[in-house]
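Student: This is a predicted model, with the sequence first.
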Amino acid sequence: MRPKRPLRRPALLVAAVLALSGSTAACSAGDGPGPHPPGGSASAPGAAAKAGGAFDVAAENARPGTDAWKTGLRLDPARSIEGYADRIAVRPGEEFRLFVSTTAPGFTATAYRMGWYGGAKGREVWKSARVPGAKQPAPVVDAGVNTVHADWKPSLAVSTADWPEGSYLLLLASDAGFSTYVPVTVRSGQARGRTVLLNAVTTWQAYNEWGGHNLYNGPKDYSDRARIVSFDRPYDSSGASGFLNMELPLVALAERMGLPVSYATDVDLDADPAMFEGAAAVITLGHDEYWSTGMREHATALRDTGTNLAFLGANAVNRHIRFGRTALGDRRLVVCYKSAAEDPMRADDPAETTQDWRLPPHSRPENVLTGTYYQCFPGNAAFVVWDPDAWMFAGTGAQRGSSYKGLVGVEYDRVVRDPAPPQPLQVLSHSPVVCGGKNDFANASYYTTPSGSAVFSTGTMRWVCALGTGCGQYLDDAARRFATQVTENVLRVFAAGPAGKAHPARANAGELPG
């Protein structure tokens, strides 16, 4: 089981985020292999939409980008400006409100759509007029469950008219020169025939330490952790560290490739399964740990009707959650007691208690969906190729035993025989790793289904990080090139439709040593 993590303190948070601004988030215009999309002047609003309303990612990325989203970030250790949105995701044209607290007399909000944009990875789509600032009340903590709320007044309403669908960061900049992010997804209306990039917002919120409590710790230790966390509060750190670390590199790569993409959050997977109908693929990103019953059932149904799934991380579908509502709307609370015995739902509906999915009272191991089984934290090892003839390794030059430095970590998965994963399942890598003082292996896997769909799991949380410039102390250029080529292969094949029809998995787990 995953060990408890210490609550990080503000000074360490600021240092980590400042480092992130120069590494993970700071990707130069030359990052990434392959040709860049063509440059061009700004086009008229809506130019990125094809006839019929389909989003054209290549046209969008031909518009001028900027790195001001990154260079404009200046965090204040005293958190003199912070904020959150009352909507996790909106459709183009819908409105959301920003709730901002600042000690400065005023602030502005600038919206950046995140993508490739010739390597700048952002495009400014909107900027507010100056807004009067106000210091909002201290957070409220609900006794017993330790839920932190920021019960603030709205500062401004934001219309997304003429905003293309995609992942957005709003940069809140105070008159005092400090700034922070608020993430918002402008989600697609439908995903038929397209590849859905899924923001793992439930996991962002689970780790969010703002106000002193997350699902791991409180001010004392694990015992006073939150049992329920709320989206009605800012994120800690830069306001977007989960997105910058674990998601932006893949978003940038997919947009650089010009793939037909759609955008959603994991909350949308629970709330609006119709949006995902007919999707070519759904891509979950570097850390997608917290899943509701609806999320899991809808992903399984997509797989069983021909939609490919890719888990580009580890520890996915590990924690079972429920949603709750606040005064700001439905699904604004993430419920996870991490203990069936503690969860009051145990008496009424044991199948909906919130502990690890693999645990009683209604055990449903994650590998039944992902193919791999979560193992351990923290681990650090090379990614070792086991089946070099697998189609996703084309163009890498990999052979059996080829090793790619540091690509396994900091959490990892393994293919296990019990509980049994779907078959046929093809083991792609077999990487020796030591974790918790024990010798183990990490595996990437690929399985195919009767519907023709395919499911690919990297088995390592460091995969998406390797697509950018982050995790520099662990990875080398060879590991980044390898991960990028494999990801491009998977994205292209999965975007074409049910991958299992052309690329059936070859069951080979019985050949593994150890």
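Tutor: Yep, that arrived. Numbering: from 1, shown residues only.

Student: Quick check: residue 369 is in a helix.
Tutor: Yes - Residue 369 sits within a helix when classified using DSSP: H, G, I helix; E, B strand; the rest coil.

Student: What about it, how many residues nearby?
Tutor: 22 (other CB atoms under 10 Å). Glycine gets a C-beta too; all of them are placed from N, C-alpha and C.

Student: so it touches residue 457, yeah?
Tutor: No - using CB atoms under 8 Å, residue 369 makes no contact with residue 457, being 9.5 Å away.

Student: Now do the helices in the stretch 151-300 of the chain.
Tutor: Under the criterion DSSP state H, counting those that start in this stretch, the stretch 151-300 of the chain contains helices at 201-206, 241-246, 248-256, 266-271, 293-303.

Student: out of the ones you listed, which comes closest to residue 399?
Tutor: With CB to CB as the measure, helix 248-256 is the member of those nearest residue 399 (24.8 Å).

Student: So, low pLDDT: which residues of the stretch 401-514 of the chain?
Tutor: Applying pLDDT under 70 to the stretch 401-514 of the chain picks out residues 514.

Student: hey, where'd the strands end up in it?
Tutor: 403-414, 425-427, 431-435, 438-442, 445-448, 454-457 (DSSP state E, counting those that start in this stretch).

Student: okay, now the closest residue to residue 426 other than its chain neighbours: neighbour count?
Tutor: Of all residues not flanking residue 426 in the chain, residue 505 sits nearest, at 4.2 Å (CB to CB, 6 or more residues apart in numbering). Look at residue 505: counted by other CB under 10 Å, it has 24 neighbours.

Student: Could you verify that residue 60 is part of a strand?
Tutor: No - Residue 60: not assigned to a strand; according to three-state DSSP it is helix.

Student: Contacts only, for it.
Tutor: Residues in contact with residue 60 (CB atoms under 8 Å, 6 or more residues apart in numbering) are 48, 113, 115, 123, 164, 166, 255.

Student: and the fifth one, what are its phi and psi?
Tutor: Looking back up the chat, that one is residue 164. Dihedral pair for residue 164: phi -70, psi 150, per degrees, to the nearest 10.

Student: was I right about it contacting residue 187?
Tutor: No - contact between residue 164 and residue 187 fails when scored by CB under 8 Å: they sit 11.4 Å apart.

Student: list the contacts for the closest residue to residue 145 other than its chain neighbours?
Tutor: In space, and not counting its chain neighbours, residue 145 is closest to residue 227: 4.3 Å by CB to CB, 6+ apart. Shown in contact with residue 227 (CB under 8 Å, 6+ apart): 144, 145, 146, 147, 215, 335, 336, 337, 338, 342.

Student: Generate a ChimeraX selection restricted to the buried entries among those residues.
Tutor: Remark: buried members of the contacts of residue 227, expressed as a ChimeraX selection using 16 or more other CB atoms under 10 Å:
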select :145,146,147,215,335,336,337,338
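
Student: Mind putting the contacts of residue 227 into a markdown table with distance to residue 314, pLDDT and secondary structure?
Tutor: Shown next, in a markdown table, are the contacts of residue 227 (distance: CB to CB, whole Å; pLDDT from 0 to 100; DSSP: H, G, I helix; E, B strand; the rest coil):
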| residue | distance to residue 314 | pLDDT | secondary structure |
| --- | --- | --- | --- |
| 144 | 32 | 94 | coil |
| 145 | 28 | 98 | coil |
| 146 | 27 | 98 | coil |
| 147 | 28 | 99 | strand |
| 215 | 18 | 98 | coil |
| 335 | 24 | 99 | strand |
| 336 | 19 | 99 | coil |
| 337 | 23 | 98 | coil |
| 338 | 19 | 98 | coil |
| 342 | 26 | 97 | coil |
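
Student: now, among the contacts of residue 227, which is nearest to residue 450?
Tutor: residue 336 (33.0 Å).

Student: and stretch 162-177, how far out from the chain's middle?
Tutor: Taking the mean of its C-alpha atoms, stretch 162-177 sits 19 Å from the chain's own mean (CA atoms, centre = their mean, to the nearest Å).

Student: cool, stretch 171-185 as well?
Tutor: With CA atoms, centre = their mean, you get 21 Å for stretch 171-185.

Student: so how far does that stretch reach from one end to the other?
Tutor: 14 Å (CA to CA, to the nearest Å).

Student: Just to be sure, residue 323 is in a strand?
Tutor: Yes - applying three-state DSSP, one finds residue 323 inside a strand.

Student: what about it, distance to residue 352?
Tutor: To residue 352, residue 323 is 11 Å away according to CB to CB, to the nearest Å.

Student: Need the residues touching each of these two.
Tutor: What both residue 323 and residue 352 touch, as defined by CB under 8 Å, 6+ apart, is an empty set.

Student: all strands of the stretch 251-400 of the chain, in order?
Tutor: Using DSSP E, counting those that start in this stretch, strands in the stretch 251-400 of the chain cover 261-265, 281-284, 290-292, 308-311, 319-326, 329-335, 373-384.

Student: for the fifth one, packing partners?
Tutor: Read it as strand 319-326. Judged by 3 or more CB pairs under 8 Å, 6 or more residues apart in numbering; DSSP states H and E, strand 319-326 is in contact with strand 290-292, strand 329-335.

Student: ok and that strand relative to helix 293-303, angle-wise?
Tutor: 120 degrees (axes from the mean of the first three to the mean of the last three CA atoms, to 10 degrees).

Student: Then the last one?
Tutor: Taking the same axes, to 10 degrees, one finds that strand 373-384 is oriented at 60 degrees with respect to helix 293-303.

Student: I'd like the helices of the stretch 151-300 of the chain laid out as CSV, including distance to residue 480.
Tutor: Below are the helices of the stretch 151-300 of the chain laid out as CSV (distance: least, CB to CB, whole Å):
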stretch, distance to residue 480
helix 201-206, 24
helix 241-246, 15
helix 248-256, 10
helix 266-271, 27
helix 293-303, 29
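
Student: Identify whichever of these lies nearest to residue 407.
Tutor: helix 248-256 (13.5 Å).

Student: That closest one: how far from the chain's middle?
Tutor: Relative to the centre of its chain, helix 248-256 is centred 12 Å away, using CA atoms, centre = their mean.

Student: could I get it in CSV with only the CA atoms?
Tutor: Provided in CSV are the C-alpha atoms of helix 248-256 (Å, rounded to 0.1, in the frame of the first residue of the first chain):
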residue,chain,number,x,y,z
LEU,A,248,0.8,19.6,-20.1
PRO,A,249,3.7,17.7,-21.9
LEU,A,250,1.1,15.2,-23.4
VAL,A,251,-1.3,18.0,-24.3
ALA,A,252,1.5,19.8,-26.1
LEU,A,253,2.6,16.7,-27.9
ALA,A,254,-0.9,15.7,-29.1
GLU,A,255,-1.5,19.2,-30.4
ARG,A,256,1.9,19.3,-32.1
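
Student: Please name every helix or strand in contact with that helix.
Tutor: helix 57-61, strand 106-114, strand 166-174, strand 195-199, helix 463-466, helix 477-495.

Student: Let's see that with 10 Å instead.
Tutor: helix 57-61, strand 106-114, strand 166-174, strand 195-199, strand 261-265, strand 281-284, helix 463-466, helix 477-495 (3 or more CB pairs under 10 Å, 6 or more residues apart in numbering; DSSP states H and E).

Student: could these go into JSON lines alongside distance to residue 301?
Tutor: Listed next are those as JSON lines, based on distance: least, CB to CB, whole Å:
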{"stretch": "helix 57-61", "distance to residue 301": "26"}
{"stretch": "strand 106-114", "distance to residue 301": "29"}
{"stretch": "strand 166-174", "distance to residue 301": "25"}
{"stretch": "strand 195-199", "distance to residue 301": "14"}
{"stretch": "strand 261-265", "distance to residue 301": "15"}
{"stretch": "strand 281-284", "distance to residue 301": "11"}
{"stretch": "helix 463-466", "distance to residue 301": "25"}
{"stretch": "helix 477-495", "distance to residue 301": "17"}
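
Student: closest to residue 77 out of these?
Tutor: Among the helices and strands packed on helix 248-256, strand 166-174 sits nearest to residue 77 (CB to CB), with 13.9 Å.
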